[in-house]
Every structure is written in structure tokens, then in C-alpha cells.
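A.B. asks: A predicted structure for the sequence below; I have some questions about it.
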Amino acid sequence: MIEARGLTKRYGSKTAVDDLTFTVRPGVVTGFLGPNGAGKSTTMRMAIGLDRPTKGAINIGGKAYRDFPAPLTEVGVLLEAKAVHTGRSAYKHLLAVAQTQGIPRRRVDEVLALVGLTDVAGKRVGGFSLGMGQRLGIASAMLGDPGVLILDEPVNGLDPEGIRWIRTLLQALAAEGRTIFVSSHLMSEMALTATHLIVVGRGRLIANTTVEEFIRQASGDLVHVRSPQAARLSETLARDGVTVTTTGLDTLDVNGLTAQQVGEAAFAAGIPVFELTPRQVSLEDAFMDITKDAVEYTHGQTPAPRVPSATSTGANA
Amino acid sequence: MGFPTAADFKPTAKVTLPRVLRSEWTKLTSLRSTVWTLLAAIVVTIGFGLIVCAATVADFHRNGNASDLNDPVGTSLVGGYFSQIAIGVLGVLLITGEYSTGMIRTSLGAVPHRLPVLFGKAIVFGVTSYALSLGAILVAFFSGQAILHQVHGGVAIGDPSVVRALLGGAFFVMTIGLLGLALGTLIRSTGGSIAALLGLIFVVPIVTSFLPGRWGDIQKFIPNNAGGALVTIDDRGNDLLSPLGGLVVLLVWLAVGLGAAAFTLTRRDA
Amino acid sequence: MTLTSPPSAAQAPASRAPAAFHARTRVTIPRVLRSEWTKLTSLRSTVWTLLAAVVVTVGIGDLVCWATVAHWDKAGPRDRLTFQPVLQSLTGAYFSQIAIGVLGVLLITGEYSTGMIRTSLGAVPRRLPVLFAKAAVFAVTSYAVAFVAVLAAFFTGQAILDHKHIGVTIGYPGAWRVLFGAAFFVLAIGLLGLAIGTLLRTTGGSIATLLGLVFVVPIVTNLLPGNWSHIHKYVPDGAGQALVTIHRLPGDDILSPLAGLVVLLVWLAVGLGAAAYTLVRRDA
């Protein structure tokens, strides 16, 4: 269990983390979402005592990180892979870390096998690809077999097989009763992996809820209907608080009624219905919608592609 | 609104030496650490010169020791030892910083002939370090001599060889910076290159001073003493080359160093 | 408006029995020492540098002795009188100073530049044990290597000098003290490098500061006029000279060997103390 109470971090005039209060519970995978610069990495760094909070505190299992006699056996962290000396072999790197708390040598072999790096254990980390470096970071987090895992962008650089492996691993670890706190920008992955979400923007808490609820809030009550008498159905459904949008020749998007209500209204009016589906926006859309006011760094507009004119390539007129 | 297309700038795009120079100037002046280091070198040069001159005057007042005042120019330029380190380290970092951050791939990708990058850095850094060193040296000289004048120990800029010593001092500091650039290109690691440069400048003189007899003649040709030949005004009874000899020796060091650097830069994998 | 929902009354998570090895785990000083030893010996560049330091120290010392022997017949009476056989053979020790000093800096700035520091401080959140374990492991290693280097340089150098019967034996008064002292000075520079590296955190700046302190400051203090030049005794190089000088002439402004040792220890205490303070207080 990770608990933040009034957690605040200021750098001069800039407030990176602003009065964050939340609880990350064991047994589920909790996603930590937010636009770039929202304060996610800073929060995670404060959780393991790398940065000192300006105000407030963040505790793990009720204790401050530095009070654990063997912190790596309680909390495993992947903040940024390649936080490793490039001249060292993977094996020696993990060994040096394990030795600080007296974690047995065979555990190093175990985690290397877990992440599939046994064959390259003796090679210099400097020669590792991005994905291999990432796996090494995960191995390092698992070294102490901790009850709490804090991971920042764990799937960065992994191939599809690796992404699926991580997802399965995290869910299995959560099912064992561990606390899993993952931050990621890969919304599609988050939707599949996490069950609970903590969303921050500009250092402040924006949402602290389940994935389902988060999406549902963004989607609203949206129902997709396909009917041969779409126009007549549209008139039938129209009333206060209900918006009906015609999305195609025979399809409607109805906002404000549940699927059940739409079905009953159609039945009462004798209108046949071929498709009746509650629509959900993707997590990505939900996220963009809810955080649009909190984005720190916006991108320019992507321009429409230019269509080359017939004379632009210097072809003979 | 749309992206600028290649059609807008492609016809005039081409890698030329003036453009590489401009790029290297931008790189040099856009790193805050570089600017701060150069400023620190200037402050230290002037500051130490003032302190030692003031100490000399105070001591003269107390002890009346005439030998304190026998090298007024050298006394005011004592700070130069520290600016040697600052400029030397900057020269190393100019290239090893690119290797350690991976920026070298961007630079050599933009300029595949590679040599222009090295010479662009050398020219931009050489000119900058010379100009700044000379400025600092001039300020240190004038303010130091003003202090020494209190006990009639100062000299004027018009006195024989003074101008040569000041110009030569700035040239020596620039040489160390460029040797740093050369060593950095050869060795490519920050720690090793700085160690090699400072070893060359400060340790080799100590070792060669132990060499007896004819072997000791080597001393005249190491960078430190060649530079010393450039800045010495009173050459009675010392074992240094003539000022012109010192200049030539330093130029040979530069040619060999930068030449070796150029060779390895073009031959090796980035 | 913050979107929250009350914690779901989900099924209680399966309670997890902690791994068996957890019972014996704990961060202790001996364990941190072991970890720092693994770190030191697992970097090939470190091992090579230490080897190179020994080779260069012996090599340069022998070269200088050989040149002395070759020139001895033509040497003037003044040269013969001021000749110091022990120090002549240890001329190469300066290179050990640079090598060990740079290693001391890299021991800590290497962690900052690669980001490894986050792993190290994450494993040992109390932080101080990391600094002192690095210092202890590095001190023992660098002293051993430096001592082997000066010992080998001494014996090989004296053997060369013996060709003109100007070499001395290890029984020469003060010889042992010079060897122990020279190795200690190398160690001191290494630890000062570690301290400066922890304070400044960048490789280039720390090496420049260290070598400036060790090699340039003495040049300047030597030039200071009159009473000011007394400062020279207390800078690291001056204190180091006190350790390795055998013959003290009247009028020589130099400390006794014991005083020199004390001055160096004070430098180390101040340097490592400041380093410890900033390591614990600052964000990683």
C-alpha cells in the first residue's frame, strides 16, 4: 500500500507536485496517468526518497522508504532503465545491488531467467539494446521479491511479445496480493493492464477511480443504434436531455438514454432495430478529454498533407 | 498553416565551412556551463593577479625585500595558471561532451566529411579563448601594475617586451585549450583526456626537471616551458628558448596534436 | 472537479507469504562494503587504470634513474651533492597520483553521469554508508596498489643506480617512511577526488578542481612573497612533501612528517565531511 498525503514538491517558483493525496491498494494494478510534466516521475522519486518533498509525505506500508531495514525487499522500482553503469556486465550490476541487502546470489540468476537475459548476463550493459536495458531494469526491480512495485514506463522499448509478457506478469503479481503502481503513456496497454487509475495534471490530482468508471464518465451514456427506419426512430427518441446524431444512412448515436430505454422506445413504436450497443470511448479519448486543460506541452497542429499540383514537379507544361 | 516543405530551402542547402563555423559558434555559446566556465576563468585570472600583487606590496611595505618586485608582469598574471585549467578542460569537453551524450552522431551525420567539424571547433574555440584570455590578461595587467606602482614596482605597457608577453600569454592559454580539444578527440573519454592534458601540462615538467645533464634539455620543448619562453621578459640566466623559439614549438605541438586528432576522427567509427 | 470513486469492496487480495530469503535481508555496513567492492572490481577500465599506474610509476622512475646513471660521470659536484636516490626512483609517482585521483572522482561521478546513483541510493536510502563504503574500499585498494608501485619503483630504481654505486638499500634512514608516505599521499589524492566528485557531481569540473588543487595551487603558493609563502606547507602538495623529504636543511620551510600527515588527514576529514553532508541533504 502506497499512501500520499498532501505531497508537494516545489522547485523555486515552479510547483511540480501540488498537494497530492491518494492511496494505491494491493491486489490490483493501478495506473498512474498524466500528460508530460504532470509530476509523475517526481512523485515516484519522492516515494523512494530520492527527492525530498517540500511538504507532505508519501509512505509505503505506513513507513517512510528509508526506515525499511532492507528496502529492496519491500519496494521494487523501475524509474528509468539504463540507470546502470555501461561498463559493467548485467550479472555484476545485479550482484552489486543484491549484495547491499544480503539478497542471495541465486536470486540474481532467478531474475535474469525471469526476464530472459540469462544468455547475455556476462555482457557489458553498454552494448544492450533499449529492450534489453528495459528488461534489466525490470529484473532489478524484482530482485528483492518485493510486495510493492513502482514502475515508470515499463514497456518502453519492448517488442509486442515483451509487452504482452509484462502485462501478464504485472497482473499475476497483483493477483498474488502485491501493490503494483505503473505509469505509462501507452493508453491501449493501460486499458488492458490496469484496473484502477490515478490521473494527475500540472501536479494536481485529476481522477482517482476505476478504469471502467473513468471511461464511463468520459463516454457518458452513448448508445449506437442501427435501424432501417432511423429517421423515424430519431423523432421518436427526441426529448429533453436527449441528443440524437445521425451518423450514417441507418445508424444513430443517442446521448442521454441507456440502451434499455432506447430498445423499449423502439419496441413501443414498432420500429425494428438491428444493432443496439452501448458505445464506449477509448481510454485514450477519455484521457485526452479529461486532461485537456492540464496539458503542459502542447503540439502544433498537424497540417493537412499537401497534394502536389500537376505543375509542381517541373513537368513540361 | 503547413509545414515548410523541402522545396522552400533545399536549393540553397549545402554544407560549407562558414556554415559549420556558425553551427559550432551556436553550440559553444548555447551551453550555460561553457559560458559560466569562461566567465570564471576571466574572474580568476584577474582576481588572483590582484591578490598576489596586493600581497607583494604588503610584504614589501613590511620587509622592503627588493626581490619581490623583480617580475611585475609575471606577478600580475599569476591567475593564468588557473585559467589554463579552465580553458584546457573546456577544450576537452567541447568534443568529449559530444561523445558522452551521443551528440557526435548528430554532428558527424550532418557533416559526413568530419574534418570541418574538428576545424570548426578549433577555429571557434581558438578565437574565443584567445580573445577572452587577452581581455582578462590586459585587465589583470593594468590593475596589477596600478597596485605595484604604489611601491614604484610597476611597469608600463610600452616597456620593452611587455606587449609580446601579454599577447604570448593569451596565445599559450589558447594553445592549451586546443591541445585539450586534440587529446579529447584522440582519447574520447572525459576523464582520461583531462587527466592526460593536465598530466602533460603540470606533471611532465616535474619529471623532466629530474633529468640530468643533456637529458634536461628536453625541458625547453615541453608546452609549459615553451609558453614560458613567450611570456618571460627578463631572460637572463634561464634555460628557456627565445620567444620566437617558444612560439614555434607551441605551433608544432598544435600541428601534431590536431593532425593526429584529424586522422583518427576521419578513420574511426563514430 | 476531481473524479473519485470509493474503493471497491473487491475480494480481499490473496495474502502473499514473503519470500524465504527476506528473513535474512537487511542493509548492513559489511554488505554495503561488499557491494562497493563488486562495483570497483567489475569495471574493466578501473582494473586497467590501476595496472597502468603501477607500470608507469615503475617505468618512469627507472627511466629517470637510467638517465642519471648514464650522465653521472659528467655530473658536476653540486648535482652529486644534492642527489636524492630514494626520491629519484619515485619520480613516476606523480602519474600514480593523477591516475588514482581521477579514479576517485570517477568512482562517484560515473554513477551520477550514468544514472546509477539512483539505483545505489535506492538500495541504501540512508546514503552515508554508500559514501563511506566507497571511501573505505577505494582507500584500501589505492593504498595497496600505490605501495606496490613505489616499492617496485624503489627496488628497480636502486638496482639501476647501483651501476654507479649511487643506489641505496631499504635500510637507508627514512626510506621506509618515504615509501609509506608516498603511497599515503596517493591515497589522499584519491579520497580528495571522491570528496570533490561528490560535491560537484560532474566529471570534468571535479577532475579539473582536484588536479588544480594538487598541482596548480602549490605553484601559486610558491610564488607568494614573504610571509604569505608559509601557506605552502599546508596545501596538500606541501604536506605531502613533508612526508617524503628525508634531509631537512635549516631554513627549509617544511613541516615534520607527522605534522604533514596530520594536515593531510584534516584535508580528508573536511573534504569527506562536506561530501557526506551534501550527499544526504541534496536530491539525488
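C.D. replies: Looks like it arrived, so ask away.

A.B. asks: so what's the residue count around C:Val47?
C.D. replies: 12 (other Cβ atoms under 10 Å in any protein chain shown). No exception for glycine: its C-beta is placed from N, CA and C like everyone else's.

A.B. asks: repeat that for C:Ala19.
C.D. replies: A total of 15 residues lie near C:Ala19 under the criterion other Cβ under 10 Å.

A.B. asks: was I right about it contacting A:Asp145?
C.D. replies: Yes. C:Ala19 lies in contact with A:Asp145 (Cβ atoms under 8 Å); the separation is 4.1 Å.

A.B. asks: mutual contacts of the two, please.
C.D. replies: A:Thr73 (Cβ atoms under 8 Å, 6 or more residues apart in numbering or on different chains).

A.B. asks: buried residues in stretch B:56-73?
C.D. replies: For stretch B:56-73, a neighbour-count test (16 or more other Cβ atoms under 10 Å in any protein chain shown) marks B:Thr56, B:Val57, B:Ala58, B:Asp59, B:Phe60, B:Asp68, B:Leu69, B:Asp71, B:Pro72, B:Val73 as buried.

A.B. asks: verify the contact between B:Val155 and B:Val73 for me.
C.D. replies: Yes. Using Cβ under 8 Å, B:Val155 is in contact with B:Val73, at 6.4 Å.

A.B. asks: find the residues that touch each one of these two.
C.D. replies: B:Val162.

A.B. asks: quick one: the strands in the stretch 151-300 of chain A, in order.
C.D. replies: Secondary structure of the stretch 151-300 of chain A (DSSP state E, counting those that start in this stretch): strands located at A:179-183, A:196-201, A:204-210, A:222-226, A:243-246, A:251-255, A:275-279.

A.B. asks: what's the closest of these to B:Ile187?
C.D. replies: Of all the strands of the stretch 151-300 of chain A, it is strand A:179-183 that lies closest to B:Ile187, at 39.6 Å by Cβ to Cβ.

A.B. asks: that closest one pairs with which strands?
C.D. replies: Sheet pairing of strand A:179-183 (DSSP bridges) gives strand A:29-33 (parallel), strand A:148-152 (parallel).

A.B. asks: residues in contact with that strand?
C.D. replies: Here strand A:179-183 makes contact (Cβ under 8 Å, 6+ apart) with A:1-2, A:24-34, A:40-41, A:44, A:147-154, A:170, A:173-174, A:190, A:193-194.

A.B. asks: in a helix, A:Gly56, correct?
C.D. replies: No. Using DSSP: H, G, I helix; E, B strand; the rest coil, the assignment for A:Gly56 is strand, not a helix.

A.B. asks: per-residue confidence at it?
C.D. replies: Per-residue confidence (pLDDT) for A:Gly56: 95.

A.B. asks: point out where chain B drops to low pLDDT.
C.D. replies: B:1-12, B:65-68, B:234-238, B:270 (pLDDT under 70).

A.B. asks: helices of that one, start to end?
C.D. replies: For chain B, the helices defined by DSSP state H cover B:6-9, B:17-29, B:32-63, B:72-76, B:80-101, B:103-110, B:115-148, B:162-187, B:190-198, B:204-209, B:223-231, B:243-267.

A.B. asks: can you check which helix is longest in chain A?
C.D. replies: Per DSSP H, chain A has its longest helix at helix A:160-175.

A.B. asks: may I have it exported as CSV, CA atoms only?
C.D. replies: Listed next in CSV are the C-alpha coordinates belonging to helix A:160-175 (Å, rounded to 0.1, in the frame of the first residue of the first chain):
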residue,chain,number,x,y,z
PRO,A,160,4.9,-6.9,-28.8
GLU,A,161,5.9,-10.2,-27.2
GLY,A,162,7.6,-8.3,-24.4
ILE,A,163,4.6,-6.0,-23.9
ARG,A,164,2.3,-8.9,-23.5
TRP,A,165,4.7,-10.6,-21.2
ILE,A,166,4.9,-7.6,-18.9
ARG,A,167,1.1,-7.3,-18.9
THR,A,168,0.7,-10.9,-17.8
LEU,A,169,3.5,-10.6,-15.2
LEU,A,170,2.0,-7.5,-13.6
GLN,A,171,-1.4,-9.0,-13.4
ALA,A,172,-0.1,-12.2,-11.9
LEU,A,173,1.9,-10.2,-9.4
ALA,A,174,-1.1,-8.2,-8.4
ALA,A,175,-3.2,-11.3,-8.1
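
A.B. asks: buried residues in that helix?
C.D. replies: Within helix A:160-175, judged by 16+ other Cβ under 10 Å, the buried ones are A:Gly162, A:Ile163, A:Trp165, A:Ile166, A:Arg167, A:Leu169, A:Leu170, A:Gln171, A:Leu173, A:Ala174.

A.B. asks: please name every helix or strand in contact with that helix.
C.D. replies: In terms of contacts (3 or more Cβ pairs under 8 Å, 6 or more residues apart in numbering or on different chains; DSSP states H and E), helix A:160-175 is packed against strand A:29-33, helix A:130-142, strand A:148-152, strand A:179-183, helix A:187-193.

A.B. asks: any idea which helix or strand comes after the first one?
C.D. replies: Put plainly, it is strand A:29-33. Per DSSP states H and E, the first helix or strand lying C-terminal to strand A:29-33 is helix A:40-47.

A.B. asks: neighbours around the residue of the stretch 151-284 of chain C found nearest chain A, how many?
C.D. replies: Going by Cβ to the nearest Cβ, chain A is nearest to C:Ala284 of the stretch 151-284 of chain C, at 3.9 Å. C:Ala284 has 18 neighbouring residues, counting by other Cβ under 10 Å.

A.B. asks: check A:Gly263 too.
C.D. replies: Neighbours of A:Gly263 under the rule other Cβ under 10 Å: 15.

A.B. asks: does it touch A:Pro272 like I think?
C.D. replies: No. Using Cβ under 8 Å, A:Gly263 is not in contact with A:Pro272, being 11.3 Å away.

A.B. asks: phi, psi of the residue of chain A found nearest chain C?
C.D. replies: Residue of chain A nearest chain C, by Cβ to the nearest Cβ: A:Gly27 (2.6 Å). Backbone torsions of A:Gly27, given as degrees, to the nearest 10, read phi 90, psi -10.

A.B. asks: pull the most distant pair out of the buried residues of stretch B:56-73.
C.D. replies: Using Cβ to Cβ, the two most remote members of the buried residues of stretch B:56-73 are B:Ala58 and B:Val73, lying 19.4 Å apart.

A.B. asks: show me what contacts the residue nearest to C:Ala242 when sequence neighbours are not counted?
C.D. replies: Excluding the flanking residues, the one nearest C:Ala242 by Cβ to Cβ, 6 or more residues apart in numbering or on different chains is C:Gly260, at 2.8 Å. With contact taken as Cβ under 8 Å, 6+ apart, C:Gly260 is in contact with C:Gly181, C:Gly238, C:Ala239, C:Gly240, C:Gln241, C:Ala242, C:Leu243, C:Ile254.

A.B. asks: where do the helices sit along the stretch 1-150 of chain C?
C.D. replies: C:29-41, C:44-71, C:77-82, C:85-89, C:93-114, C:116-123, C:128-161 (DSSP state H, counting those that start in this stretch).

A.B. asks: where does pLDDT dip in chain C?
C.D. replies: In chain C, residues with pLDDT under 70: C:1-15.

A.B. asks: deepest in the core, which of the strands paired with strand A:179-183 is it.
C.D. replies: Among the strands paired with strand A:179-183, strand A:29-33 has the highest mean neighbour count (mean count of other Cβ atoms under 10 Å in any protein chain shown), at a mean of 25.

A.B. asks: for A:Thr258, which of the helices of the stretch 1-150 of chain C is the nearest?
C.D. replies: Among these, the nearest to A:Thr258 by Cβ to Cβ is helix C:116-123 (49.0 Å).
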